[in-house]
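Visitor: need a structure here:
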Amino acid sequence: MQAAETRLAWFLISPTAIIVFGLVLFPAIFSIWVSFHRVGLNNLNDVFHAPFVGLANYYKVFNDFAFKFQGMRSWGAAVTSIVYSFVATIITMIVGLIAALLLNRPFRGRGLSRATFLFPYVAPVVSVAFVWRWLLDPRPSGVLNDVLMRLNLIHLPIAYLATRGLALVLVIIFEAWRYFPFAMLMILARLQAIDSTLYEAADVDGANTWAKFWNITLPELHYVLGAIFLLRLMWTFNKFDDIFLLTGGGFGTNVLPVLTYQFSFRLFDFGRGAATAMILFLILVTFMAFYVFFVMRNVEEE
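Guide: Numbering: from 1, shown residues only. So this is what the prediction gives:
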């Protein structure tokens, strides 16, 4: 009987196991293999006989001008990815926290306001990215240029997404605007679960709004804020579509996922593209290990 149940269990989970292996495990293992071989258009039809090159692909990535740090005028994809991911994640959490605190208070039209705040998160990324490009169009007819020129705040149109420095700031703002609803929902759910007697006791003790936020609300949100930070950091670090649709990775906004695409599908150097993806993975694992072993350990000790 037990053997029959075991066979039935394996039979039931086998479709899921096959899908996970085919779509997740095998591509991941194959990417590691490709990163140590010379794979290009000339040998795609016989990729498993591609010549082994050891760490040569990694060496070419580390020495590529698009990857390495070359001074404040050219950060390289590695530094840009770290700055973009951390700053966008922090701003996302701050905006999401403010929105959750506002929407946690009872007021007329609160349900409609919550639905409106969710729009950036649920809207297709292609549509919102092209709306932003329309707003930031470098021509005088661009929405932002037209408004600023009518107000006499600028005299010539500005190429916002084609100006080094400004382009990176704008893609960070776009990332925070698009994904703050995710943080807002998680924080709002935790806010509504906080015991109201804690705030009543604080009122009796004469605590003001800031004291209640710092001593009650923030400690209660400690775990959820940590989870949001880790999730959003991982997702932002792996983000490809947002930056690719806005700037294509140009003008100081090139990050590792976009660089992986450029190596693989513009230069058709699939070995170097796979090596870039592995470097991205190792950096992400380092961040996760630091978070788990230092941040989460301190939280558990508290």
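
Visitor: assign the residue lying closest to residue 165 once chain neighbours are set aside to helix, strand or coil.
Guide: Leaving aside its chain neighbours, residue 165 sits nearest to residue 252 (6.3 Å; criterion: C-beta to C-beta, 6 or more residues apart in numbering). Any C-beta I mention is one placed from the backbone N, CA and C, and that applies to glycine too. Here residue 252 is coil, with the state taken from DSSP: H, G, I helix; E, B strand; the rest coil.

Visitor: what's the local residue count around residue 252?
Guide: 19 (other C-beta atoms under 10 Å).

Visitor: how many residues are close by residue 129?
Guide: 20.

Visitor: cool, the one 3 residues further on as well?
Guide: Taking other C-beta under 10 Å as the criterion, the count of residues near residue 132 is 22.

Visitor: can you give me the helices in the stretch 1-150 of the chain?
Guide: Along the stretch 1-150 of the chain, the segments classed as helices by DSSP state H, counting those that start in this stretch run 2-20, 26-34, 56-62, 76-103, 110-117, 119-122, 125-135, 143-150.

Visitor: can you put these in JSON lines and add mean pLDDT?
Guide: Below are the helices of the stretch 1-150 of the chain laid out as JSON lines (pLDDT from 0 to 100):
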{"stretch": "helix 2-20", "mean pLDDT": "82"}
{"stretch": "helix 26-34", "mean pLDDT": "89"}
{"stretch": "helix 56-62", "mean pLDDT": "91"}
{"stretch": "helix 76-103", "mean pLDDT": "91"}
{"stretch": "helix 110-117", "mean pLDDT": "81"}
{"stretch": "helix 119-122", "mean pLDDT": "87"}
{"stretch": "helix 125-135", "mean pLDDT": "91"}
{"stretch": "helix 143-150", "mean pLDDT": "90"}
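
Visitor: list the contacts of the residue nearest to residue 165.
Guide: Counting by C-beta atoms under 8 Å, 6 or more residues apart in numbering, residue 252 touches 74-75, 80, 164-165, 167-168.

Visitor: for it, grab phi and psi.
Guide: phi 80, psi 20 (degrees, to the nearest 10).

Visitor: what confidence value was assigned to it?
Guide: The per-residue pLDDT reported for residue 252 equals 85.

Visitor: with the one 4 residues further on instead?
Guide: Among the per-residue scores, residue 256 holds a pLDDT of 91.

Visitor: nearest residue to it other than its sequence neighbours?
Guide: residue 280 (4.2 Å).

Visitor: residues in contact with that neighbour?
Guide: If you count contacts by C-beta under 8 Å, 6+ apart, residue 280 has them with 81, 237-238, 256-257, 260.

Visitor: look up how far residue 248 lies from it.
Guide: 18 Å (C-beta to C-beta, to the nearest Å).

Visitor: ok, now residue 62?
Guide: 23 Å.

Visitor: now residue 255: phi and psi?
Guide: phi -120, psi 170.

Visitor: how many residues are close by it?
Guide: Based on other C-beta under 10 Å, the number of other residues close to residue 255 is 28.

Visitor: name the nearest residue to it, ignoring sequence neighbours.
Guide: Counting by C-beta to C-beta, 6+ apart, residue 255 lies nearest to residue 81, which is 4.2 Å off, once chain neighbours are set aside.

Visitor: repeat that for residue 121.
Guide: residue 181 (3.8 Å).

Visitor: same deal with residue 224?
Guide: Nearest to residue 224 is residue 190, by C-beta to C-beta, 6+ apart, at 4.6 Å.

Visitor: which SSE is that neighbour in?
Guide: helix 166-191 (DSSP states H and E).

Visitor: how far off centre is that helix?
Guide: Distance of helix 166-191 from the chain centroid (C-alpha atoms, centre = their mean, to the nearest Å) equals 10 Å.

Visitor: cool, and stretch 126-138?
Guide: 19 Å.

Visitor: in the stretch 201-302 of the chain, which spans are helices?
Guide: 209-212, 218-220, 222-237, 241-246, 256-265, 270-290, 297-301.

Visitor: the ones you listed: which one's closest to residue 133?
Guide: helix 241-246 (6.5 Å; C-beta to C-beta).
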